[in-house]
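Asks: What follows is a predicted structure for the sequence shown.
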Amino acid sequence: MPAPKKYPDELRERAVRLYRESDPRPSFRRLAEQLNVHHEALRNWVRQAEADDGQRADRPSTDMVVENRRLAKENAELRRVNEVLRAASAYFASEIGPTRRWS
């Protein structure tokens, strides 16, 4: 179960929108102080929003992160099932005995 979020999603969206719509762009520190959030959190929100919009290539989009997590879980489950199948195969092979070679 993931940890609860410190800031609500509405605040995140509003903060990113305020940063983008401001002209000239304020510093992250100043805007963060006005919104009562940490400046690094605001900077990360803006960068993630830019990545989601395709404006940044240095970090994955939110959709890609979600897909990677899903695939990692699926991969872990498949590895676990494969290990169970290997163990069952070895167990049943030992009960049957060694295979005979026909000559």
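Replies: Structure's in. What do you need?
Asks: all contacts plus neighbour counts: C-alpha atoms, from now on.
Replies: Fine.
Asks: so where's the chain uncertain?
Replies: Across the chain, the stretches falling below the confidence threshold (pLDDT under 70) are 97-103.
Asks: hey, which helix is longest across it?
Replies: Criterion DSSP state H: the longest helix present in the chain is helix 62-96.
Asks: quick check: domain ranges of the protein?
Replies: Per the record, the chain has its domains at 1-59, 61-95, by automatic domain parsing.
Asks: Take these and write them to JSON lines, including mean neighbour count.
Replies: Formatted as JSON lines, the entries for those read as follows, by neighbours: other Cα atoms under 10 Å:
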{"stretch": "domain 1-59", "mean neighbour count": "13"}
{"stretch": "domain 61-95", "mean neighbour count": "12"}
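Asks: Which neighbouring elements make contact with the longest helix of the chain?
Replies: The elements that helix 62-96 packs onto, with contact taken as 3 or more Cα pairs under 8 Å, 6 or more residues apart in numbering; DSSP states H and E, are helix 39-52.
Asks: tell me which element Arg12 is part of?
Replies: According to DSSP states H and E, Arg12 maps onto helix 9-21.
Asks: and that helix, how far from the chain's centre?
Replies: For helix 9-21, the distance from its own C-alpha centre to the chain's C-alpha centre is 21 Å (Cα atoms, centre = their mean, to the nearest Å).
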